[in-house]
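1. The following block contains a protein sequence and its predicted model.
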Amino acid sequence: MKIVKVETESISLPLDEPAFDSTARWNEFNFLLVKVYTDEGIVGLSDIAPLHGKEMGVFEKIILGKLEKRIIGEDPHNIERIWTKMVGFGSEAYALGRSGAIITASSAIDVALWDIVSRSFNTPLYNLLGGKFRDSIELYASFMGQPPVEKVKDFISDGFRGVKVKVGFNVKKDIEYVKMLREELGYDFKLMVDGNQGYTVEEAKFFTKKVEDFEILWFEEPVDVYNFKGLKSLSKSTIIPVALGENYYMLNEFLKVIEENIAMIVQPDINHAGGLTQVRKISSIAESYNIKLAPHLHSIIGFMVGLHLLTASPNGYIAEYPVYGKRWKARDSILEKCLVIDNGIAKIVGEKGIGVEEKFFKL
């Protein structure tokens, strides 16, 4: 089998309501659909998202202008070889480096290759990752912004056992919001908070001190994720586990926060951390340190890949289910064709590959 062509398609899906965190605001979900074709007719799919500022063209240029020519003629089964070939070393990496956009673009190709290979064996992707460690995956509702109590309550009533809300706006108001959620809704659900790097180290320490009694499962990206010294200081100062990963690109970045006991939860994004080839290695390293895997899952195909990985990973913990409005019909109409969600529990139903077909995007 040989790779013969790569295509991309820019897609924008409307949101039911505006979304925001401490650093950005967006009204639509923009992503790039990536298709890798083979001479045997098998097509692998992946996506790059979310691209809040419609940066689809940046990744199209990298994929079609650089990566495609590197992989044409390659056997898609040689995934490790292709990954290294795309990222490059030495002079091969001068133009785009070995982090950031080039890794995101390479991640998309990588995921599509895993889709091709598992399709070629006519089996679900998780079987290439070790088979089923578990039959289903717990989801948590990941809210954009700070939703009203009633909206959070609705998802808990629907069976979601965990919710995540945004902080990082105003530390004192954020504390009051978290306090209100616990006072109104009680403690019979997991509560996570995501700072999106919005705090200073001092603000993050003040926040954790004030909310430690509210049983916070994890504090995600409290400060600048490359302020390793500050993150380590914060991690040592609180009983609330620090979660990191969605904005790291390379294996060595994860290794640093794992080895130095900074992150107690790792959250690699399939889209940004080197695709499945690298993220499964990140998962294995975390497992050896008894650290849980809770991947950042905000794209559509990437969400499904994350479920396959969690299905097969011994340290797989919980899956992020992004909430845009009460029900984001554009996204859900795609996902309901390849998984079943019941009472906040997801089960993969696809019989081969990732389980997502190109026709699902013809809304």
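-> Perfect, I can see it now.
2. what comes up buried for stretch 309-327?
-> 309-313, 315-324 (16 or more other Cβ atoms under 10 Å). To be clear about C-beta, it is placed using only N, CA and C from the backbone, and glycine gets the same treatment.
3. typo on my end, stretch 282-295
-> Buried, per 16+ other Cβ under 10 Å, within stretch 282-295: 282-283, 285-287, 291-295.
4. Looking at those, which are in strands?
-> 292-293 (DSSP state E).
5. Of the buried residues of stretch 309-327, which belong to strands?
-> 319-323.
6. Closest one to L234 out of those residues, please.
-> When these are ranked by distance to L234 (Cβ to Cβ), E320 comes first, at 22.0 Å.
7. quick one: contacts for the closest one?
-> Residues counted as contacts of E320 (Cβ atoms under 8 Å, 6 or more residues apart in numbering) are 139-140, 142, 164, 294-298, 303, 306.
8. please redo it, this time with the cut-off set to 7 Å
-> E320 is in contact with 140, 142, 296-297, counting by Cβ atoms under 7 Å, 6 or more residues apart in numbering.
9. Let me have the buried residues of stretch 282-295 in a markdown table, extended by pLDDT.
-> As requested, the buried residues of stretch 282-295 are exported to a markdown table (pLDDT from 0 to 100):
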| residue | pLDDT |
| --- | --- |
| I282 | 97 |
| S283 | 97 |
| I285 | 97 |
| A286 | 98 |
| E287 | 97 |
| I291 | 97 |
| K292 | 98 |
| L293 | 98 |
| A294 | 98 |
| P295 | 98 |
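10. what two of the buried residues of stretch 282-295 are the furthest from one another?
-> Taking Cβ to Cβ, no two of these sit farther apart than I285 and A294, at 14.9 Å.
11. Distance check, the closest residue to A346 other than its chain neighbours against M304.
-> Excluding its sequence neighbours, the residue lying closest to A346 (Cβ to Cβ, 6 or more residues apart in numbering) is I137, at 4.9 Å. Between I137 and M304 the computed distance is 11 Å (Cβ to Cβ, to the nearest Å).
12. Settle it for me: which of these two has more neighbours?
-> M304 (28 against 23; other Cβ atoms under 10 Å).
13. The more buried one sits in which helix or strand?
-> helix 300-312 (DSSP states H and E).
14. which residues touch that helix?
-> Residues contacting helix 300-312 (Cβ under 7 Å, 6+ apart): 31, 45-47, 49, 111, 124-126, 129-134, 137, 270-271, 276, 279-280, 283, 293, 295, 297, 316, 319, 331, 334, 338-339, 346, 348, 354-356.
15. and the top helix by length along the chain with helix 300-312, angle?
-> In the chain, ranked by residue count with DSSP state H as the criterion, the top helix is helix 101-120. For helix 101-120 against helix 300-312, the angle by axes from the mean of the first three to the mean of the last three Cα atoms, to 10 degrees is 60 degrees.
16. circling back: okay if I get the contacts of E320 as TSV plus secondary structure?
-> Shown next, in TSV, are those (DSSP: H, G, I helix; E, B strand; the rest coil):
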residue	secondary structure
Y140	strand
S142	strand
H296	strand
L297	coil
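17. need those residues in CSV with neighbour count, distance to G159 and pLDDT, can you?
-> As requested, the contacts of E320 are exported to CSV (neighbours: other Cβ atoms under 10 Å; distance: Cβ to Cβ, whole Å; pLDDT from 0 to 100):
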residue, neighbour count, distance to G159, pLDDT
Y140, 24, 11, 97
S142, 23, 15, 96
H296, 27, 22, 97
L297, 25, 18, 95
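18. No further queries at this time; thank you.
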